[in-house]
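> Mind folding the following:
(chains A and B)
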Amino acid sequence: MAADSIQQAIILGNVASISATVQNLLNQGLAAQQILDEHLLPGMAVVGERFKRNEMFLPQVLMSAQAMQTAIDILKPSLISSTNAQKRETVIIGTVKGDMHDIGKNLVRIMLIGAGVEVVDLGVNVPAQCFLDAVIQHQAAVVCLSALLSSTMNNMREVVQLFRGTENLKTTKILIGGAPVSREFSTDIGADSYAPTAPAAVEQVKILCGL
Amino acid sequence: MTSRERVFSALQGIETKRVPIGEIGGGYTDDIIRKLLGETYVTGADAYYQNHLLVRQLLGADIVGTRVVGPSVEIIGTHADWGTDIFRDFWGASYTQPPEATVQLVDPIASTPEELAQWTAPDVNSFDKKPVTRWRKNTDFFVMATLNAGFDLGYELLGFERFMMWTIQAPDVMRNYFEKLIQTNLSLAIMSADAGADAILIADDLAFNTGTFVDPVYLRQDYFPLLKTMITEIKKTGLPVFFHSDGDLRTIIPDLIDCGIDVLQSCDPNANMHIPDLKKDYGKDLTFMGNIDVDLLANGNQEDVRKTTRELIRDARQGGGFILSTSNVVASYCKPENVSAMYATAHEELI
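Predicted structure coming up:
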């Protein structure tokens, strides 16, 4: 019953109730990984699907993501200490240098967190070298690059070239997104993938991570 | 036929020999104006007006976007990370512009719904009408005065995520916030009408390329009634109302028609907003403006631009109700030769 209410709290973005419910389940002896896999992630999957179908909108998704983040923060110590915990893939995300736009990037971050991915958000106006440093620091599997402007999308090329020219990081998976970019542009600059929407970005990240 | 007459004809559903063409807002960034004007680019105290006049004359534009102007921004400090000025705008939010990047919000007008409930909109009596009057008196451009409403300006002043979440967490506060912003912008609209504007442009982004930011049900309940009141009051001045929003607006076009808008601007082809299709569905109620992709002007070649412009004019001009423009404004990263090609094509495609 409590487990069902976690899913509902995620779908409804009920931050107030989720802390107590998650804590309750932990107290009852349910494993953190089980709470994450069987209740939280399915809840966010519903949110992602509904968003894709225009049945949920940005404010609701933001509330769900906040509830998800609250739950993950409670589970994190148990997840880290558990020997059975599955390694969560880490994704680096940021808006490329020169571009301060973050709506699309934040939406992708939120939906990735909802999909159970560990996300390191570098923010906006991020120089190419910072993406590289972050991948090394966090041993990340995928880099997501965002740009809203035609003038800044070309800075994605610089990031891709930096990775492709760096020993041991040549094969880092790079996904690009944002209003002016396209599949053709992604191929042209040597990125691994392109996503036209936030839900599509989540799907692409899962493919790139082999999930 | 003057530029004004050409645009008014489009609004009345009259097809003109040449389609009207022009941009909303400032229309063309200074970078692009400099490139287009070359040696004729003017410097000095009156450079803004002179260059905007010259570039429209060079391109053969019919429209000028302008606005009643508020007090200058106030420099209030230096950003710790970037060393750039932090400036506070008329509304009370503060921003900075990091090196080689776009402007970023530093401090919103409120950090909690309680603070927002206490926020009061500033007095607009000090606004200067002269920019509108000057274009109206000295040129025959169609003069469009730009202002905002409650949504786009609302999230600019609060930050996007905060704004979006408060629509759920504090709906009464947000409705009250919309009322304040709309009332203030309505005052600016009346002032613009007094100054001689030919039309009011409400800039109010409501959507991204896959649909509206928020549930249309929410907009219908908490936002559109206020927008409708604003537009009804503006139309008492006799001016047509243009409405700008990026994104896919198809689910709310009937609502915008009900609010009383006359023209929908942007119509980004990347957002499923093709003007020939929109005219078939809503052409009896609305005029459409836009549809040339800014990215085409940035990344395409002149032949691509000519072909796209020709095809759009061919498919959208019948029966008026169409104004050619970019789907936003001519951004600094557009190629000047592509901008010239778009405007030249409009001048060649005559009936």
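
> and the longest helix belonging to chain B, anywhere near chain A?
Counting by DSSP state H, the longest helix found in chain B is helix B:171-194. No: among the residues of helix B:171-194, none lie within reach of chain A under C-beta under 8 Å from any C-beta of the partner chain; the closest is 10.2 Å away. Bear in mind the C-beta positions are built from the backbone N, C-alpha and C, glycine included.

> pLDDT averaged over that helix, what's the number?
In this model, helix B:171-194 has an average pLDDT of 98.

> For stretch B:85-104, list every residue counted as buried.
B:86-91, B:93-98, B:101-102, B:104 (16 or more other C-beta atoms under 10 Å in any protein chain shown).

> and what of stretch B:112-127?
B:113, B:116, B:119, B:121, B:124, B:127.

> Distance to residue B:47, secondary structure and pLDDT for the residues you listed - can I get that in JSON lines?
Listed next are the buried residues of stretch B:112-127 as JSON lines, based on distance: C-beta to C-beta, whole Å; DSSP: H, G, I helix; E, B strand; the rest coil; pLDDT from 0 to 100:
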{"residue": "B:113", "distance to residue B:47": "44", "secondary structure": "helix", "pLDDT": "98"}
{"residue": "B:116", "distance to residue B:47": "39", "secondary structure": "helix", "pLDDT": "98"}
{"residue": "B:119", "distance to residue B:47": "36", "secondary structure": "coil", "pLDDT": "97"}
{"residue": "B:121", "distance to residue B:47": "32", "secondary structure": "coil", "pLDDT": "95"}
{"residue": "B:124", "distance to residue B:47": "27", "secondary structure": "coil", "pLDDT": "93"}
{"residue": "B:127", "distance to residue B:47": "22", "secondary structure": "coil", "pLDDT": "95"}
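
> of those, closest to residue A:116?
residue B:113 (31.0 Å; C-beta to C-beta).

> Please name the nearest non-neighbouring residue to that closest one.
Once flanking residues are discounted, residue B:113 sits nearest to residue B:170: 3.6 Å by C-beta to C-beta, 6 or more residues apart in numbering or on different chains.

> Please report the distance of the most centrally placed residue in chain B from residue B:156.
Taking C-alpha atoms, centre = their mean, the centroid of chain B lies closest to residue B:203, which sits 4.4 Å from it. Relative to residue B:156, residue B:203 is positioned 11 Å away (C-beta to C-beta, to the nearest Å).

> Ok, residue B:312 next?
For residue B:312, the distance to residue B:156 - C-beta to C-beta - is 31 Å.

> okay, those two: which has more neighbours?
residue B:312 (24 against 20; other C-beta atoms under 10 Å in any protein chain shown).

> Does that one belong to a helix, a strand or coil?
helix (DSSP: H, G, I helix; E, B strand; the rest coil).

> show me what contacts it?
Residues near residue B:312 by C-beta atoms under 8 Å, 6 or more residues apart in numbering or on different chains: B:275, B:276, B:291, B:292, B:324.

> and if you look at residue A:23?
Contacts of residue A:23 (C-beta under 8 Å, 6+ apart): residue A:74.

> and it, what are its phi and psi?
Dihedral pair for residue A:23: phi -60, psi -40, per degrees, to the nearest 10.

> what's the spacing between the residue lying farthest from the centre of chain A and residue A:75?
In terms of distance from the mean C-alpha position of chain A, residue A:28 ranks first, at 29.6 Å (C-alpha atoms, centre = their mean). In this view, residue A:28 and residue A:75 are 14 Å apart by C-beta to C-beta.

> likewise residue B:229?
48 Å.

> out of these two, which sits in the busier spot?
Neighbour tally, residue B:229 and residue A:75, criterion other C-beta under 10 Å: the higher count belongs to residue A:75, 22 against 16.

> Residue A:4 versus the closest residue to that one other than its chain neighbours, what's the distance?
If the residues on either side of it in the chain are set aside, residue A:75 comes closest to residue A:32, at 4.3 Å by C-beta to C-beta, 6+ apart. According to C-beta to C-beta, residue A:32 stands 18 Å off from residue A:4.

> With residue B:161 instead?
29 Å.

> between those two, who's got more neighbours?
residue B:161 (19 against 11).

> ok, residue A:55 - how many residues close by?
Counted with other C-beta under 10 Å, residue A:55 comes out at 12.

> Quick check: buried residues in whichever helix in chain A runs longest?
Longest helix of chain A, by residue count under DSSP H: helix A:58-81. Applying a neighbour-count criterion of 16+ other C-beta under 10 Å, one finds A:58-68, A:70-72, A:74-75, A:78-79 buried in helix A:58-81.
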